[in-house]
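J.: model this:
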Amino acid sequence: MNKNIVYVLVVVALIIGLFMWGNTLQKDAVVYFGDTDVACLTNGHQSVQEHIHPILQITVDGQPEAIPANVGIRPGCMSEVHTHDATGKLHIETFESGRIAELSLADFFAVWNTSPIREGYDVRITLDGEEKDSVEEVGFRDGSVIELAYTSTVSTDSSLESIKEEIAE
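T.: Coordinates of the predicted model:
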């Protein structure tokens, strides 16, 4: 066999071996995003096994609220549950097949470091139109639409009356 062909085969084998070794390191050395149970994809997209995009829509008293860009992304860590822009498109990416089934909307809120409960508001949570009792019940599916509709529990009319009474006193 020609020496050049042998050298090429050895180099290709080394590259494949290094790639496989890098993927093994990603799985063995799990780093978590802050104080959450959500893993960081420390090699970025290099070792992703699953990647889906549900949509999150939040309204407050009927008004849309933007989901911030880059939730779950910081230097050296892109969490399994993150955003890239403010459109509400969530990126759920895992380096372990089947892991997406273990994640829920509660994990996204943990990574976002925001509570889904808002004082003074009731919330209606739906997944593709089906009502859910909590964010823990909301799993992720590609293309699904998750809606959180917050409605103020304080009537604006009664609030105005209270203010008027306080001013009159």
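
J.: where do the strands sit along the chain?
T.: 50-52, 55-60, 63-65, 73-74, 77-78, 81-82, 91-94, 121-127, 130-132, 145-152 (DSSP state E).

J.: okay, these, which one's buried deepest?
T.: strand 81-82 (a mean of 26; mean count of other Cβ atoms under 10 Å). The C-beta positions use only the backbone N, C-alpha and C, and glycine is treated the same way.

J.: Of the strands of the chain, which is nearest Tyr32?
T.: strand 77-78 (8.8 Å; Cβ to Cβ).

J.: what's the offset of the closest one from the middle of its chain?
T.: 12 Å (Cα atoms, centre = their mean, to the nearest Å).

J.: and that strand, average pLDDT?
T.: On average, the pLDDT along strand 77-78 is 91.

J.: With stretch 91-103 instead?
T.: pLDDT averaged over stretch 91-103 gives 94.

J.: Give me the contact list for it.
T.: For stretch 91-103, contacts defined as Cβ atoms under 8 Å, 6 or more residues apart in numbering pick out 23, 26-27, 38-39, 41, 43, 45, 47-54, 78, 80-84, 139-140.

J.: returning to that earlier point: can you redo the strands of the chain as a markdown table with distance to Val31?
T.: Converted to a markdown table, the strands of the chain look like this (distance: least, Cβ to Cβ, whole Å):
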| stretch | distance to Val31 |
| --- | --- |
| strand 50-52 | 18 |
| strand 55-60 | 25 |
| strand 63-65 | 30 |
| strand 73-74 | 11 |
| strand 77-78 | 6 |
| strand 81-82 | 14 |
| strand 91-94 | 14 |
| strand 121-127 | 29 |
| strand 130-132 | 30 |
| strand 145-152 | 27 |
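
J.: nearest to Ala110, of these?
T.: Of those, nearest to Ala110 by Cβ to Cβ is strand 81-82, at 8.6 Å.

J.: how close does the residue nearest the centre of the chain sit to His45?
T.: Taking Cα atoms, centre = their mean, the centroid of the chain lies closest to Val81, which sits 2.9 Å from it. To His45, Val81 is 15 Å away according to Cβ to Cβ, to the nearest Å.
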